[in-house]
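Asks: Sharing a sequence plus its predicted fold:
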Amino acid sequence: MTDPRRHIPRTDTLLAEPRLAKAAQQLGTDLVKEVISAAQQCARRGDIAPAEVAERALAMLPPTASSLRSVLNATGVVVHTNLGRAPLSAAALDAVHAAGGSTDVEFDLAQGRRAARGSGALAALARAVPDAADVHVVNNNAAALLLCALGLARGREIVISRGELVEIGDGFRIPDLLEGTGARLREVGATNRTTVADYAEALGPDTAFVLKVHPSNFRVTGFTAQVPITRLAALDAPVVADIGSGLLRPDPLLPDEPDATTALREGAALVTASGDKLLGGPQAGLLLGDAALVSRLRGHPCARALRVDKLTLAALEATLRGPAPPVRAALEADAGALRGRAEELSSALRRRGVDAHAVHSVAAVGGGGAPGVELPSAAVSVPAEHAARLRRGQPPVVGRVEKGRCLLDLRTVDPDDDERLLEAVSACMS
């Protein structure tokens with residue numbers, strides 16, 4: 001008898017199939033060959049018939065040549081670091097697409113000569129924070145703080161409260177970053193209490209600046225004390241305020257979250273912040289404040305190593321100039337509207353035979369911003385055993401498991417994606 005595996009199409013035959021040939025042009029021949037090989041292996045195992053190899057290969061093709069996959073964030077964490085932090089707005093995505101080719105990122109089209117890099121994004125940032133005499137952008141907030149230490153404190157002292165020697169995600173610690181620049185840390189106060197006298201006694205001829213770090217991903221409560229920027233600014237040393245989350249102006253939804261405008265008005269010489277958290281833009285580090293200090297840092301030899309590319313500049317400018325980004329929409333979402341969406345989705349899923357229920361939920365800001373702030377939300381509750389299957393679906397759906405159920409929190413799902421969520425859950429449950 002003839003072994004059916006002999007009828008599995010050859011790789012070159014499959015590559016000549018019009019649809020796979022087109023995919024090879026878009027995604028690259030090597031990637032398509034890998035997918036064809038996987039489909040052929042399915043046929044060798046007997047999972048599919050030899051005649052189905054081409055269709056299986058087409059079904060297995062990724063949407064792009066990148067291994068990154070678009071996911072539906074149903075975790076209820078608005079700024080989820082593991083899911084890429086802030087999702088970009090449509091305006092920012094359009095700007096990134098436009099910047100993909102040759103651009104005038106560092107060229108004056110009118111004069112036909114070299115120009116300042118990213119002037120449009122810098123101008124937009126300056127307009128967004130008029131209290132900043134000058135602004136600069138680097139590739140993330142850690143880079144902004146690194147540049148401050150390199151440019152202002154190499155071989156000198158940075159005065160910082162012991163309660164602000166923080167560690168953030170993936171083992172990254174502020175003290176290690178600063179000491180790696182050749183600066184020395186002068187720790188003052190105690191873990192839970194630091195006074196203005198502690199700072200004043202530590203200042204000396206070797207003091208480069210006083211660093212105020214927002215402990216953005218934890219809270220210390222009880223017998224505590226910390227010194228506001230207004231009182232630090234009265235001391236004989238510049239104050240660098242690392243506000244972290246990228247809030248540019250006071251926000252009534254997050255009254256306890258520090259913002260750049262307030263920090264500058266209170267006397268901070270420099271403010272550093274992230275672009276991909278509460279600002280809702282791309283990964284970037286923002287430097288705002290005193291014109292002489294910003295100019296000094298911009299001219300530092302390491303500034304070029306920390307600069308951002310044209311795609312980041314395009315996305316940042318569009319975020320600052322354009323409509324409210326998804327992060328803002330998620331923070332401002334009405335709890336009643338979320339409940340209505342959860343009821344509608346749950347009803348639709350039950351009609352399809354899925355054990356789904358609308359439940360109350362509590363979402364979080366995430367991304368090291370507004371620790372302890374609870375956002376009332378609503379979720380679609382499905383059996384917890386389906387969580388892994390949902391993550392492996394198309395598109396992947398990432399929820400959270402609580403008390404034996406998988407909650408798909410709608411505060412972090414764009415309403416325009418409700419139909420995609422419905423189909424993705426239905427496909428996984430069938």
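Replies: Done, it's in.

Asks: residues contacting the most centrally placed residue in the chain?
Replies: Per Cα atoms, centre = their mean, the C-alpha nearest to the average position across the chain is that of Arg85, at 2.2 Å. Residues in contact with Arg85, defined by Cβ atoms under 8 Å, 6 or more residues apart in numbering, are Val79, Asp276, Lys277, Gln283, Gly367. In short, each C-beta sits where N, CA and C put it, glycine included.

Asks: what's the first-to-last distance across stretch 277-287?
Replies: Stretch 277-287 has an end-to-end distance of 15 Å (criterion: Cα to Cα, to the nearest Å).

Asks: How about stretch 146-164?
Replies: In stretch 146-164, first residue to last residue: 16 Å (Cα to Cα).

Asks: And stretch 57-65, by the same measure?
Replies: 15 Å.

Asks: how far out from the middle of the chain is that stretch?
Replies: 26 Å (Cα atoms, centre = their mean, to the nearest Å).

Asks: model confidence over it, on average?
Replies: Averaging pLDDT along stretch 57-65 yields 91.

Asks: do the same with stretch 218-233
Replies: 87.

Asks: Mark which of the contacts of Arg85 are part of strands, please.
Replies: Val79 (DSSP state E).

Asks: Out of the contacts of Arg85, who's the most crowded?
Replies: Val79 (29 neighbours; other Cβ atoms under 10 Å).

Asks: From the rest of the structure, what touches stretch 256-270?
Replies: Residues contacting stretch 256-270 (Cβ under 8 Å, 6+ apart): 129, 131-132, 148, 209, 212, 214, 228-230, 232-234, 238-241, 243-245, 247-251, 271, 273, 278, 286-290, 293-294, 369-370, 373.

Asks: Restrict these to the buried ones and give me that as a ChimeraX selection.
Replies: Applying 16 or more other Cβ atoms under 10 Å to the contacts of stretch 256-270 leaves a buried subset, and the ChimeraX line that selects it is:
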select :129,131,132,148,209,212,214,229,232,233,238,239,240,241,243,244,245,247,248,271,273,278,286,287,288,289,290,293,294,369,370,373
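
Asks: Inside helices: which ones of the contacts of stretch 256-270?
Replies: Applying DSSP state H to the contacts of stretch 256-270, the entries found in helices are Cys148, Ile229, Thr230, Leu232, Leu293, Val294.

Asks: which stretches of the stretch 51-200 of the chain form helices?
Replies: Assignment of helices within the stretch 51-200 of the chain using DSSP state H, counting those that start in this stretch yields the ranges 53-60, 90-98, 119-128, 141-152, 174-179, 196-202.

Asks: most neighbours per residue, which of the ones you listed?
Replies: helix 141-152 (a mean of 23; mean count of other Cβ atoms under 10 Å).

Asks: Could you look up the SS state of Thr221?
Replies: coil (DSSP: H, G, I helix; E, B strand; the rest coil).

Asks: what are the phi and psi values for it?
Replies: Per-residue torsions, Thr221: phi -120, psi 170 (degrees, to the nearest 10).

Asks: Of the ones in helices among the contacts of stretch 256-270, just say which sits nearest to Cys302.
Replies: Set against Cys302, the nearest of those by Cβ to Cβ is Cys148 (11.1 Å).

Asks: ok, that closest one to Pro238 distance?
Replies: Look at Cys148 and Pro238: by Cβ to Cβ, to the nearest Å, they are 10 Å apart.

Asks: Nothing else from me, thank you.
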